[in-house]
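J.: Sequence and computational prediction follow.
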Amino acid sequence: MIEILRSRRSIRKYDTRSIEQDKLDILKEAVLRSPSSKGSQPWHFIFIEDKRLLEKLAQSKDHGSHFLSGAQLAIIFCGDERKSDVWVEDCSIATTIAHLTAQSMGLGSCWIQIRKRTHDKQTTAGEYIATLLSLPDHLKVESILAVGYPDEEKRPTPKESLDYNRISINGFEKKG
Ligand SMILES: Cc1cc2nc3c(=O)[nH]c(=O)nc-3n(C[C@H](O)[C@H](O)[C@H](O)COP(=O)(O)O)c2cc1C
């Protein structure tokens, strides 16, 4: 796991290779194995490979979502707010697990934030996606993970650049 974390970066450029079925199956298994508060599993995951839908989802936000049009897969992380008051945390954990699982299989991926983001002046990004995908009212979108084979190389973050001042032992210590 630490080797996956050491090489992990957000990848926003993808080549045209489609993702093999066995890798799609592993991504599905991985998200369903995510921990959730009280085991309530308040999530619903929507896997999208349809090019037309990927293009439309890429328009979810003004900034930070357009690269999705070049991805082979979008995973939409939805939470059922009736099932848990911490669905945001549960969906965030599942998004992270999918991001790391993708990395472990040679795929690149990037989180696209949807909750609390806007599509335009009138519409939230979540409302735009809910309309596009005919989501029921109780499902709220936390995030999208864009996935594909990397078409960019990113340097791993060097260990020397990690800010160990952000860690305190046995209580808060003011540092730096
Ligand atoms: C909660 C969260 C929201 C993010 N939202 C976006 C986003 O909407 N668009 C995007 O391109 N990247 C998004 N990212 C990716 C971050 O920009 C990225 O993780 C950060 O710049 C560090 O780069 P690295 O992941 O390559 O180390 C998000 C990451 C997190 C954890």
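T.: Arrived safely. Residues are numbered from 1 along each chain as shown.
J.: which residues are there in the chain that come within reach of the ligand?
T.: Residues of the chain lying near the ligand by CB under 6 Å from any ligand atom: 9-10, 12, 64, 110-113. Yep, even glycine has a C-beta here, placed from its N, CA and C like the rest.
J.: between the residues you listed, which has the most around it?
T.: When neighbours are counted by other CB atoms under 10 Å, Ile112 leads the residues of the chain next to the ligand with 28 neighbours.
J.: Please name the residues that touch it.
T.: Under the criterion of CB atoms under 8 Å, 6 or more residues apart in numbering, the neighbours of Ile112 are 60-61, 64-65, 68, 143-146.
J.: mind running it again at 7 Å?
T.: Listed by CB atoms under 7 Å, 6 or more residues apart in numbering, the contact set of Ile112 reads 64-65, 68, 143-144, 146.
J.: between these, which is nearest Val86?
T.: When the contacts of Ile112 are ranked by distance to Val86 (CB to CB), Ser143 comes first, at 15.0 Å.
J.: So that closest one: helix, strand or coil?
T.: Here Ser143 takes the strand state, with states given by DSSP: H, G, I helix; E, B strand; the rest coil.
J.: isn't it right up against Phe77?
T.: Yes: applying CB atoms under 7 Å as the test, Ser143 and Phe77 come out as touching, 4.8 Å apart.
J.: that older thread, now, among the contacts of Ile112, which is nearest to the ligand?
T.: For the ligand, the closest of those turns out to be Gly64, at 3.2 Å, with distances computed as CB to the nearest ligand atom.
J.: show me the contacts for the closest one.
T.: By CB under 7 Å, 6+ apart, the residues touching Gly64 are Ile112.
J.: if we go to 6 Å?
T.: Taking CB atoms under 6 Å, 6 or more residues apart in numbering, we find Gly64 in contact with no residue.
J.: On the pLDDT front, check it for me.
T.: Per-residue pLDDT puts Gly64 at 98.
J.: going forward can the numbers begin at 288, since that is how I track them
T.: Sure, I'll start numbering at 288, so the last one becomes Gly351.
J.: what about it, distance to Arg369?
T.: Applying CB to CB, to the nearest Å, the value for Gly351 to Arg369 is 29 Å.
J.: returning to what we had before: in JSON lines: the residues of the chain next to the ligand, plus distance to Lys462 and secondary structure.
T.: Written out in JSON lines, the entries for the residues of the chain next to the ligand read as follows (distance: CB to CB, whole Å; DSSP: H, G, I helix; E, B strand; the rest coil):
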{"residue": "Arg296", "distance to Lys462": "27", "secondary structure": "coil"}
{"residue": "Ser297", "distance to Lys462": "27", "secondary structure": "coil"}
{"residue": "Arg299", "distance to Lys462": "33", "secondary structure": "coil"}
{"residue": "Gly351", "distance to Lys462": "31", "secondary structure": "coil"}
{"residue": "Cys397", "distance to Lys462": "31", "secondary structure": "strand"}
{"residue": "Trp398", "distance to Lys462": "28", "secondary structure": "strand"}
{"residue": "Ile399", "distance to Lys462": "33", "secondary structure": "strand"}
{"residue": "Gln400", "distance to Lys462": "29", "secondary structure": "strand"}
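J.: If anything else comes up later, I'll come back, but that's it for now.
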